[in-house]
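Student: okay, predicted coordinates and the sequence, questions at the end:
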Amino acid sequence: MAEKMSVSVCGAMGRMGQCVIQSVLSRSDLRLAGVLERSDFYLLGRDLSQILAGVPTGLMLTADFIQAVTEADVYIDFTTPASSLLYLEQAVKLKLPAVIGTTGFSSEEQLRLKEVGRRIPLLWAPNMSIGVNVMYKVVSALTRMLGSDYDVEIVEAHHRLKKDAPSGTALKLLEVVAQAKGLSKEKSRVVGRSGQVGERRDDEIGVLAVRGGDIVGDHTIYFCGPGERLELTHRAHTRDTFAQGAVRAASWLAAAGRLPGLYTLDDILSE
């Protein structure tokens, strides 16, 4: 029998972290190797089985990254940009592959992710849903086929606790559309409109954020043309879909012979 791949989870007690833990435990080919939380988390030092009922892992919740990943072949991180970059500095020293699902990275921080990708296998995706990543491909094709006669607007909706806006997925959709249209994503991006804004520029791509309740994540892209409108929507019903995508990414990234690089879920879908 082949040895199980070992996975550690950073941000273990967050909404996504708990879903990732359950996803890892549901896989017969994977083993949960460690669970990490921030240094001020009130349950540090507790056995995971005491925190999450029915999870007999024998693992202790720790704030020590090295301790959490000592036995890991790969780790999955859903935390904050600052924490993710801090953990990556240590991962580089350990030559440990990393799957990052954290959103809200600035342009400068994304450059740092690229630098890390030159030294270890690193997969970063603003949305770990397989469906969303297929959506990127479809949107790119639609944008090219519909052409300049169709204005593009992006609307995303998330729960009231989400800290960054627009979502990383919406910004990725903006990037996909801008690239397909041959536009600058920075110059084309319009986030919200208010007052006498004048007529819409031909190169505008609207990106609008909705926050409320417990919405897991909705993304709709509008192609508004002469006499018709095409709408493409992805709705996440549960965070499990993101967790399953992240775990699939971890299994792929930690495979034998994977070279350093900054990967995306598109690399997995393209195989």
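Tutor: Received, thanks. Numbers count the residues shown, from 1 in each chain.
Student: and stretch 13-32, what's buried?
Tutor: 13-14, 16-25, 27, 30-32 (16 or more other Cβ atoms under 10 Å). Where you see a C-beta, it was placed from the backbone N, CA and C, and this is true even at glycine.
Student: now that stretch, how far from the centre of its chain.
Tutor: Centroid displacement of stretch 13-32 relative to its chain, using Cα atoms, centre = their mean, to the nearest Å, is 16 Å.
Student: quick check: end-to-end length of it?
Tutor: Distance between the two ends of stretch 13-32: 14 Å, counting by Cα to Cα, to the nearest Å.
Student: for it, which outside residues touch it?
Tutor: 2, 4-12, 35, 37, 41, 43, 48, 51-52, 55, 57, 59, 61, 76, 78-79, 101, 239-240, 242-244, 246-247, 251 (Cβ atoms under 8 Å, 6 or more residues apart in numbering).
Student: in helices only, show me the residues you listed.
Tutor: Per DSSP state H, helices hold the following members of the contacts of stretch 13-32: 48, 51, 240, 242-244, 246-247, 251.
Student: let's see stretch 228-248 as PDB, backbone CA atoms only.
Tutor: Extracted in PDB, the C-alpha atoms of stretch 228-248 (Å, rounded to 0.1, in the frame of the first residue of the first chain):
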ATOM      1  CA  GLU A 228     -29.200  41.600 -25.600                       C
ATOM      2  CA  ARG A 229     -27.400  40.700 -22.400                       C
ATOM      3  CA  LEU A 230     -25.500  37.500 -21.600                       C
ATOM      4  CA  GLU A 231     -25.100  36.600 -17.900                       C
ATOM      5  CA  LEU A 232     -22.800  34.000 -16.500                       C
ATOM      6  CA  THR A 233     -23.000  33.200 -12.800                       C
ATOM      7  CA  HIS A 234     -21.200  30.900 -10.300                       C
ATOM      8  CA  ARG A 235     -22.800  30.400  -6.900                       C
ATOM      9  CA  ALA A 236     -20.900  28.500  -4.100                       C
ATOM     10  CA  HIS A 237     -23.500  26.700  -2.000                       C
ATOM     11  CA  THR A 238     -20.900  25.600   0.600                       C
ATOM     12  CA  ARG A 239     -17.300  26.200   1.500                       C
ATOM     13  CA  ASP A 240     -16.600  22.500   1.000                       C
ATOM     14  CA  THR A 241     -16.200  23.200  -2.700                       C
ATOM     15  CA  PHE A 242     -13.200  25.500  -2.000                       C
ATOM     16  CA  ALA A 243     -11.700  23.000   0.500                       C
ATOM     17  CA  GLN A 244     -12.000  20.100  -1.900                       C
ATOM     18  CA  GLY A 245     -10.300  22.200  -4.600                       C
ATOM     19  CA  ALA A 246      -7.500  23.100  -2.200                       C
ATOM     20  CA  VAL A 247      -6.900  19.500  -1.200                       C
ATOM     21  CA  ARG A 248      -6.900  18.400  -4.800                       C
END
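Student: how far off centre is that stretch?
Tutor: Remark: stretch 228-248 is offset 11 Å from the chain centroid, using Cα atoms, centre = their mean.
Student: quick one: residues in contact with it.
Tutor: The contact list for stretch 228-248, computed with Cβ under 8 Å, 6+ apart, reads 7, 15-16, 19-20, 22-24, 27, 30, 76, 78, 99, 101, 125, 127-133, 135, 138-139, 142, 146, 150, 216-223, 265, 268.
Student: from the residues you listed, which land in strands?
Tutor: Counting by DSSP state E, the part of the contacts of stretch 228-248 found in strands is 7, 30, 76, 99, 217-223.
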